[in-house]
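>>> one predicted model, sequence on top.
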Amino acid sequence: MSFQTAWRSPSNIALVKYWGKTSPQLPTNPSISMTLDACRTETAVEIVPGSGKIRVWVDGVEMPSFVPKIAGFFKAIAERHPWTAHLDWSIRTHNTFPHSSGIASSASGLSALALCVVSLAKEFQERIPAKDFFREASVLARLGSGSASRSVYGGWVVWGRTPSVPGSNQEWAHPYPHAIDPVFADFRDTVLLVDVGQKAVSSTVGHGLMNNHPFAAARFEMAHRNMESLQPLLASGNVGGFLDLAEREALMLHGLMMASNPPFVLMKPATLSILEKIQSARREGLEVGFTLDAGANVHVLYPQRAEQSVHAFVNDSLSVHCKDGAFIHDRVGAGPTLITEPTPL
């Protein structure tokens with residue numbers, strides 16, 4: 001007998017950045033992200049009795065190279081869900097955005113897989129260790145990819161213990177509990193695809209370099225302070241103050257990379273040209289800013305009320321710096337959804 005389930009789960013972009021971790025995949029500082037909408041992963045899972053064999057298809061093509069990462073995920077969750085070792089897994093997945101595009105495919109992909117695992121646990125009437133479905137999915141997603149812990153919720157999401165956020169936790173993420181002005185509930189993010197290749201340095205390596213980083217303690221303290229500073233900005237709808245903080249966080253992340261031992265630079269010349277144009281446009285009155293992940297691509301941030309003007313700015317001024325002129329318009333999303341229509345397994 002086989003069982004099937006499928007979930008659609010989004011990526012997210014952190015505004016206060018998670019950079020540095022301890023075992024088992026616990027953050028050295030808190031982070032807050034906005035869950036995206038268009039950039040998501042759709043994952044369908046079929047299980048049959050077996051010995052833990054894993055097969056993975058991406059866009060209909062079997063990908064044995066993906067199996068070690070998925071096997072590592074199942075190994076990480078085995079203590080909480082030992083039943084998973086007694087099944088064979090067929091996993092079919094599709095991203096709505098290019099792989100290795102600077103959009104966190106590990107966040108969307110592993111959160112979707114974690115949601116499938118918890119759905120199947122309920123099907124088998126297995127005990128769910130955490131208090132509720134999504135908390136358990138967040139714990140499991142975290143064990144695969146730290147940022148994936150935030151993708152199991154929609155809107156604005158916090159992960160990592162910090163005094164300014166009641167209930168914040170190292171092991172799972174949860175929705176941001178403080179007031180959020182409507183302008184941020186519908187915020188926009190256009191992802192400029194400057195470089196769609198594999199990063200020269202993986203995020204895992206980058207996190208590890210924080211262990212002996214000369215500025216680590218100051219960075220961790222600054223993350224807590226920025227989480228606190230963000231609270232009145234989000235509550236009051238202060239878009240300008242929010243964009244200033246988001247840009248400082250993004251540039252600090254890349255500054256930490258450049259000050260690591262060994263140092264590494266993930267920005268490209270086109271990245272810097274885009275950042276300069278965005279900062280110039282904001283000085284001239286356009287409500288627009290940026291954030292960066294650990295890569296060369298740029299997330300252009302703006303409120304819905306500025307959408308028409310920012311889209312024109314992207315088309316006329318920024319797209320020239322993108323690989324093949326490629327970008328993705330996105331926005332704050334509502335979070336994962338169970339796929340109830342039949343899946344082609």
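Alright, I've got the coordinates.

>>> host element of Ala246?
helix 239-258 (DSSP states H and E).

>>> same thing with His329?
Assigned by DSSP H and E, His329 falls in strand 327-331.

>>> for that strand, buried residues please.
Within strand 327-331, the residues that count as buried by 16 or more other CB atoms under 10 Å are Phe327, Ile328, Asp330, Arg331. All C-beta atoms are positioned from the backbone trio N, CA, C, and that covers glycine.

>>> need the contact partners of the next helix-or-strand element following that strand.
Using DSSP H and E, the helix or strand that follows strand 327-331 in sequence is strand 337-338. Identification of contacts with strand 337-338 by CB atoms under 8 Å, 6 or more residues apart in numbering yields Thr5, Ala6, Trp7, Arg8, Leu115, Ser119.

>>> what about those, which are in strands?
Among the contacts of strand 337-338, DSSP state E puts Thr5, Ala6, Trp7, Arg8 in strands.

>>> quick one: the helices in the stretch 51-200 of the chain?
67-77, 105-123, 133-144, 182-185 (DSSP state H, counting those that start in this stretch).

>>> mind listing residues that contact the last one?
Same thing as helix 182-185. Met34, Gly155, Trp156, Leu234, Gly237, Val239, Phe242, Pro303, Gln304, Arg305, Val332.

>>> confirm that the fourth one sits in a helix.
If I follow you right, that is Leu234. Yes. Counting by DSSP: H, G, I helix; E, B strand; the rest coil, Leu234 is found in a helix.

>>> torsion angles phi and psi at the spatially closest residue to it that is not a sequence neighbour?
Nearest residue to Leu234, sequence neighbours excluded (CB to CB, 6 or more residues apart in numbering): Ile180, at 5.0 Å. Phi and psi for Ile180, reported as degrees, to the nearest 10, are phi -130, psi 120.

>>> which pLDDT value belongs to Ile180?
Ile180 is assigned 98 on the pLDDT scale.

>>> next, count neighbours for the residue lying closest to Pro98 once chain neighbours are set aside.
Once flanking residues are discounted, Pro98 sits nearest to Val196: 5.2 Å by CB to CB, 6+ apart. A count of nearby residues for Val196, using other CB atoms under 10 Å, gives 19.

>>> and Val196, how close does it get to Val320?
Look at Val196 and Val320: by CB to CB, to the nearest Å, they are 16 Å apart.

>>> and the buried residues of strand 327-331 as CSV, adding pLDDT?
Rendered in CSV, the data for the buried residues of strand 327-331 read as follows (pLDDT from 0 to 100):
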residue, pLDDT
Phe327, 96
Ile328, 96
Asp330, 98
Arg331, 98
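
>>> redo those residues as TSV? Include distance to Thr96.
Shown next, in TSV, are the buried residues of strand 327-331 (distance: CB to CB, whole Å):
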residue	distance to Thr96
Phe327	14
Ile328	9
Asp330	10
Arg331	14
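
>>> between the ones in strands among the contacts of strand 337-338, which is nearest Pro82?
Distances from Pro82 to those, taken as CB to CB, are shortest for Thr5 (19.0 Å).

>>> just to check, that closest one is in contact with Glu123?
Yes. Counting by CB atoms under 8 Å, Thr5 does reach Glu123; the two are 7.3 Å apart.

>>> so which of the two has more stuff around it?
Neighbour comparison, Thr5 and Glu123: the larger count goes to Thr5, with 21 against 12 (by other CB under 10 Å).

>>> so what's Pro263 closest to, chain neighbours aside?
In space, and not counting its chain neighbours, Pro263 is closest to Met257: 7.1 Å by CB to CB, 6+ apart.

>>> actually Arg282, sorry about that
Nearest non-adjacent residue to Arg282, counting by CB to CB, 6+ apart: Val288, 5.6 Å away.

>>> so what's that neighbour up against?
Taking CB under 8 Å, 6+ apart, one finds Leu243, Ile278, Ala281, Arg282, Val300, Leu301, Tyr302, Ala306, Val310, Phe313 in contact with Val288.

>>> re the thing from before, distance of the residue nearest to Pro98 from Thr271?
13 Å.

>>> check Glu284 too.
According to CB to CB, Glu284 and Thr271 sit 21 Å apart.

>>> compare those two (neighbour count), which wins?
Taking neighbours as other CB under 10 Å, Glu284 and Thr271 compare with Thr271 leading, 23 against 8.

>>> give me the phi and psi for Ser11.
phi -80, psi 180.

>>> per-residue confidence for Phe3?
pLDDT, Phe3: 89.

>>> isn't it right up against Pro49?
No. Phe3 is beyond contact range of Pro49, at 10.2 Å (criterion: CB under 8 Å).

>>> shaky segments in the protein?
In the predicted model, the chain carries pLDDT under 70 at residues 1, 99-102, 104, 197-200, 342-345.

>>> give me that answer again for 90
Applying pLDDT under 90 to the chain flags residues 1-3, 97-106, 122-131, 195-206, 340-345.
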